[in-house]
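Peer 1: Any chance you could fold what I've pasted below:
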Amino acid sequence: MKKIINKPEEYTDDMLRGIYAAHKGEVRYVNDDLRCYCTCEKVPGKVAIVTGGGTGHLPLFLGYVGKGLLDGCGVGSVFQSPSPEQIYQISRAVENGAGVLYLYGNYTGDIMTFDMAAEMCDMDDIPVKSIVGADDVCSGRPEVRRGVAGIFYMYKAAGAKAAEMGSLEEVYAAAEKAKINTRTVGFALTPCIIPEVGKPNFTLGENEMAMGMGIHGEPGVWNGPLKTSAELAEESLGTILKDMPLDQGDEVSVLINGLGATSLEEQYILCGDVMHILEQKGIRVYRTYVGEYATSMEMAGASISLCRVDDEMKKYLDYPVNTPFVKCF
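Peer 2: You can find the predicted model right below:
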């Protein structure tokens, strides 16, 4: 294992110390707990949005805390959930008098954490609504699907509506609209190494890849020979469009997401192939995002997300944002 670290067991806290040192005045921690990560900005009367999840996915989850997006994030150890107490303390710190929306990925540990935190908030008369991202088509039926890079669109929609001073119900509805209209397919080329484990979390042959693998190394739909970018784009879009049919003239936003060790050049090759297929099908593209939005440590691979847009969704996507990791797109 070759990583720029001190002690493997201090990986998450050392990372957080570095973020707080680099971005003073933008983000802070509360309850004397580095993992209770919050924005420094408070807007009275605005719905607060809180997320959370394991370390290892930057900029997911904490990278979306900031102006126009989220208000707080519970930070777990690598690929592990934060605690209910952490989410509760964050909620108390960021609540502005209009309630709190919990918006996070569809993972069992996170669901338990946020449900317990919501019960604690209820005892303090803090209104809470919860919604989970579940965009990963390859991970099963809609109700059990994992939340991966497509949660970006939920953050964007909910964050914009909250910044416009929408009610808790309206912010929830904006997130739900993004959820209903977003699908993702991902694929891995190499494993990653969790610092405290010190070895790869799965194995792939030299010329082997995994279609549909999750961001924690969860099994996908097939392992097999490496495919070309064009072939990956065709299979991934075929899976997405079978699950979310689009008609000629429909409009989408495209997100090409690198998993941590995929060069930007490769991501743009994939993007070109995706755009070509969509153009052939008569599907228009409103906005395109290329880069790292939900990684898996140093895993090589990528994911493709489509979000079907209308005038309302376009407004949410156009809303300016500013976080230490994400600037005004």
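
Peer 1: Now do the contacts for residue 129.
Peer 2: Residues near residue 129 by Cβ atoms under 8 Å, 6 or more residues apart in numbering: 99-102, 168-169, 172. No exception for glycine: its C-beta is placed from N, CA and C like everyone else's.

Peer 1: Now name the helix or strand holding it.
Peer 2: Element membership for residue 129, per DSSP states H and E: strand 128-133.

Peer 1: neighbours around residue 281, how many?
Peer 2: The tally of other residues near residue 281 (other Cβ atoms under 10 Å) stands at 14.

Peer 1: Then the one 4 residues further on?
Peer 2: Close neighbours of residue 285, defined as other Cβ under 10 Å, add up to 15.

Peer 1: which among the contacts of residue 129 end up buried?
Peer 2: 99-102, 168, 172 (16 or more other Cβ atoms under 10 Å).

Peer 1: which regions of this structure lie under the pLDDT threshold?
Peer 2: For the chain, applying pLDDT under 70 flags the ranges 328-329.

Peer 1: residue boundaries of the helices in it?
Peer 2: For the chain, the helices defined by DSSP state H occupy 11-22, 84-94, 108-123, 151-163, 168-180, 229-243, 264-280, 311-318.

Peer 1: Please identify the most buried of the ones you listed.
Peer 2: Stretch with highest mean neighbour count among the helices of the chain: helix 151-163 (a mean of 27; mean count of other Cβ atoms under 10 Å).

Peer 1: quick revisit: any chance of JSON lines for the helices of the chain, columns distance to residue 143?
Peer 2: JSON lines is the format used below for these (distance: least, Cβ to Cβ, whole Å):
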{"stretch": "helix 11-22", "distance to residue 143": "30"}
{"stretch": "helix 84-94", "distance to residue 143": "23"}
{"stretch": "helix 108-123", "distance to residue 143": "12"}
{"stretch": "helix 151-163", "distance to residue 143": "16"}
{"stretch": "helix 168-180", "distance to residue 143": "12"}
{"stretch": "helix 229-243", "distance to residue 143": "14"}
{"stretch": "helix 264-280", "distance to residue 143": "27"}
{"stretch": "helix 311-318", "distance to residue 143": "23"}
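
Peer 1: Quick check: can you list the domain ranges of the chain?
Peer 2: Domain ranges of the chain: 8-179, 182-318, per automatic domain parsing.

Peer 1: closest to residue 1 out of these?
Peer 2: Closest to residue 1 of the domains of the chain is domain 182-318 (Cβ to Cβ; 4.8 Å).

Peer 1: how far does that closest one sit from the chain's center?
Peer 2: In terms of Cα atoms, centre = their mean, to the nearest Å, the centre of domain 182-318 is found 13 Å from the chain centre.

Peer 1: what does stretch 1-11 give?
Peer 2: Distance of stretch 1-11 from the chain centroid (Cα atoms, centre = their mean) equals 24 Å.

Peer 1: still on that earlier bit, farthest pair within the contacts of residue 129?
Peer 2: By the measure Cβ to Cβ, 102 and 169 form the most distant pair in the contacts of residue 129, at 14.2 Å.

Peer 1: Look up which residues are beta-bridged to residue 210.
Peer 2: For residue 210, the beta-bridge partners are residue 188, residue 223 (DSSP bridges).

Peer 1: residues near it, how many?
Peer 2: For residue 210, the neighbour count with other Cβ under 10 Å is 23.

Peer 1: That one touches residue 204, doesn't it?
Peer 2: Yes - contact criterion Cβ atoms under 8 Å: residue 210 and residue 204 qualify, at 6.2 Å.

Peer 1: Now for the two: what residues contact both?
Peer 2: Common contacts of residue 210 and residue 204 (Cβ under 8 Å, 6+ apart): 188-189, 223.

Peer 1: ok, of those, which come out buried?
Peer 2: 188-189, 223.

Peer 1: Tell me the one among those nearest to residue 325.
Peer 2: When those are compared against residue 325 (criterion: Cβ to Cβ), the nearest one is residue 188, at 22.8 Å.
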